[in-house]
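> output the structure for:
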Amino acid sequence: MTSVSIIGAGNMGTAIATIAATGGAAVQLLAQDAEKTAAAAATAGASVASGVAGDALTGDIVILALPYPAVAGVLAQYAGQLDGKVIVDITNPLDFATFDSLVVPAEGSAAQVIAETVPGARVLKAFNTTFAATLATAAVNGVAPTTVLVAGDDAAAKDALINVITAGGVSAVDAGALKRARELEALGFLQLTLAAGETIGWTGGFALVK
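Numbering: from 1, shown residues only. Below is the predicted model:
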């Protein structure tokens, strides 16, 4: 059985936990507030275990369902425990003060920063081009299927995550090497600005039509 630890129990963390649990994965949901995390875990599925950030990770796949500014602290908190893990970065590293740029190097990405911070882990980029509502319904605005784009340099890690997602009823596609995370973050950035400006709704967004 695939095991997944999700750090972050907000809308995205809860939606991802629901998908993983629906597909039969063993799911651990962790966040700062124990009571809120337990409530989110109950929403995601009766089998989802909850705890607080800092608890030992039970998952082979660790999903960082966090705002980008919180990632560095969590990586430091789990220093030495992430080697060999598959780490999934879902962040869009926006400058939330201006909402007009990304805060990572022009030729880099949040995912690549994480990969450099935890070189013993296998880092993937995924979920950043989907909203929580489209994950929950598996559809973009009720029309096109939701597709999670997955980028990374380790084929086995990508296959493992894609299998978790598709088993949970959501489409997933291999989007190439980790360097493609830059383009995924640009796409996620654009989608967020459109939603924040009410050009699209939070149940909408970009869809991949095959």
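> can you pull the poorly scored residue ranges out of the chain?
Nowhere does the chain drop to pLDDT under 70.
> what about the helices in it?
11-22, 34-44, 68-77, 110-117, 132-137, 155-167, 181-196 (DSSP state H).
> and among these, the most buried is which?
helix 11-22 (a mean of 24; mean count of other CB atoms under 10 Å). In this view, the C-beta of every residue, glycine as well, is placed from N, C-alpha and C.
> from the contact counts, what lies against it?
strand 3-7, strand 26-31, helix 34-44, helix 132-137, helix 155-167 (3 or more CB pairs under 8 Å, 6 or more residues apart in numbering; DSSP states H and E).
> tell me what the last one is packed against?
Contacts defined by 3+ CB pairs under 8 Å, 6+ apart place helix 155-167 against helix 11-22, strand 61-64, strand 86-89, strand 122-125, strand 147-152, strand 171-176.
> rerun that using 7 Å as the cut-off
strand 61-64, strand 86-89, strand 122-125, strand 147-152, strand 171-176 (3 or more CB pairs under 7 Å, 6 or more residues apart in numbering; DSSP states H and E).
> right, and those strands - which one's nearest Q77?
strand 61-64 (11.6 Å; CB to CB).
> so what strands line up beside that closest one?
strand 3-7 (parallel), strand 86-89 (parallel) (DSSP bridges).
> switch those over to TSV; also include distance to L29 and mean neighbour count.
Listed next are those as TSV, based on distance: least, CB to CB, whole Å; neighbours: other CB atoms under 10 Å:
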stretch	distance to L29	mean neighbour count
strand 3-7	5	25
strand 86-89	14	26
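> looking at those, spot the one closest to A65.
Across the strands paired with strand 61-64 (criterion: CB to CB), the nearest stretch is strand 3-7, sitting at 5.4 Å.
> which other residues reach the closest one?
Contacting residues not belonging to strand 3-7 are listed as 13, 16-17, 20, 25-30, 53, 57-66, 74, 164 [CB atoms under 7 Å, 6 or more residues apart in numbering].
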